[in-house]
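Coordinates for the following, if possible.
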Amino acid sequence: MRILTALAILLALSVLSLFVGVIDLSTDAEAWSLVAVSRFPRTAAALITGASLAVAGAIMQLLARNRFVEPMTAGTGQGAALGILLVTIFAPSASLGMKMLLASSTALITSFGFLVIVRRLPVTQHILVPLVGLVYGGLIGAGVTFVAFQSDLLQYIEIWMSGEFSGILQGRYELLWIAAIVAIASYLVADQFAILGMGKSVSLNLGLNYDHIVLLGLLVVSVVTALTVVVVGMIPFVGLVVPNIVSRLMGDDLRSTLPTIAALGAGLVLACDIAGRLVRYPFEIPVGTILGVIGTCVFLWLLFAKPRHAA
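Modelled structure (predicted):
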């Protein structure tokens, strides 16, 4: 019933998104071509981005065994931006696919580095993990900003560091469908990811190929994050707040909660994108800015609220 309600809300938001904008479709017959060229791609991009980032966030929390981490605040998003910066400096004529490949590679490396660091932290100090993630991601982001400044690419790299959908057009968002495929494919191994979250000893005792599943999880997180940063920029907090909210409501069975996580993530990003178009109409506020404000408030609530979910 919950997933049906979520799908109904998604459908309503999607229809609303097609009609929100400066051009009034009801008074301009030729403006309907705008739906195919701009508004439908924008709506699809917001849905795919939200769903895939929420799924990636849930997987990363299991990899790190901590509820307060997500790709955009733990170095993965900053690593993807680093890859984009490197390919811009050394191969400025590279295709979007090449940028995606290098961004995925650097995101994978920085994600692995984060896991190596957090595995050395005391297991009883859960709050240290998100703090270390913020510091780790901040250091990588600072390095990216410094190199961009020295290369006179500061304004260019800022585009990738701030997520927004105003530039999404037909022919420019299709790479996101790869992120959607990766997120859907992760459902097939959801049980293995859930076991992974119990720790290495338990995973090995249950016959799980621990190293392979960790690598698979890192690949899912890195590819989804890199594609999102390449196409729309960094969008924070989706992978943090959505899995936590769903976990409190439905429990920790990843196979049963993953569709709800994807639906809620898609709805959250699309709703924030619509709000960004309306708050200062006819101007727009980037969806990353709105999610930054909302995500911070929800993150503080998650830190101080008592855990409560269905059995």
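
For the rest of this, base every contact and every neighbour count on C-alpha atoms.
OK.

What residues sit buried inside the helix or strand hosting Asp211?
Using DSSP states H and E, Asp211 sits within helix 210-231. Residues of helix 210-231 classed as buried by neighbour count (16 or more other CA atoms under 10 Å): 210, 213-214, 217-231.

Is the most centrally placed residue in the chain within a helix or a strand, and which one?
Against the mean C-alpha coordinate of the chain, by CA atoms, centre = their mean, the closest residue is Leu53 at 2.8 Å. Using DSSP H and E, Leu53 falls within helix 40-64.

Can you name every helix or strand that the helix or strand following that helix contacts?
Per DSSP H and E, the first helix or strand lying C-terminal to helix 40-64 is helix 76-90. Judged by 3 or more CA pairs under 8 Å, 6 or more residues apart in numbering; DSSP states H and E, the packing partners of helix 76-90 are helix 96-118, helix 128-150, helix 154-161, helix 210-231.

Could you point out which of the ones you listed sits nearest Thr260?
Closest of the helices and strands packed on helix 76-90 to Thr260 is helix 210-231, at 18.0 Å (criterion: CA to CA).

which helices and strands does the closest one pack with?
Helix 210-231 packs on helix 40-64, helix 76-90, helix 96-118, helix 154-161, helix 176-186, helix 190-196, helix 200-205, going by 3+ CA pairs under 8 Å, 6+ apart.

With distance to Pro282 and mean pLDDT as extra columns, can I get those helices in CSV?
CSV is the format used below for the helices and strands packed on helix 210-231 (distance: least, CA to CA, whole Å; pLDDT from 0 to 100):
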stretch, distance to Pro282, mean pLDDT
helix 40-64, 17, 90
helix 76-90, 30, 86
helix 96-118, 30, 84
helix 154-161, 21, 75
helix 176-186, 27, 90
helix 190-196, 42, 85
helix 200-205, 52, 81
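
Please work out which of those is packed deepest.
Greatest average neighbour count among those goes to helix 40-64 (a mean of 27), per mean count of other CA atoms under 10 Å.

okay, the angle between it and helix 210-231?
If you take axes from the mean of the first three to the mean of the last three CA atoms, to 10 degrees, helix 40-64 sits at 150 degrees to helix 210-231.

can you pull out the helices in the stretch 201-311 of the chain?
Here the stretch 201-311 of the chain has its helices, by DSSP state H, counting those that start in this stretch, at 210-231, 238-250, 254-278, 287-304.

And the helices and strands packed on helix 210-231: which comes nearest Pro243?
helix 40-64 (5.5 Å).

that older thread, would you format the helices and strands packed on helix 210-231 as JSON lines with distance to Leu268 included?
Formatted as JSON lines, those follow (distance: least, CA to CA, whole Å):
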{"stretch": "helix 40-64", "distance to Leu268": "7"}
{"stretch": "helix 76-90", "distance to Leu268": "19"}
{"stretch": "helix 96-118", "distance to Leu268": "24"}
{"stretch": "helix 154-161", "distance to Leu268": "20"}
{"stretch": "helix 176-186", "distance to Leu268": "16"}
{"stretch": "helix 190-196", "distance to Leu268": "22"}
{"stretch": "helix 200-205", "distance to Leu268": "33"}
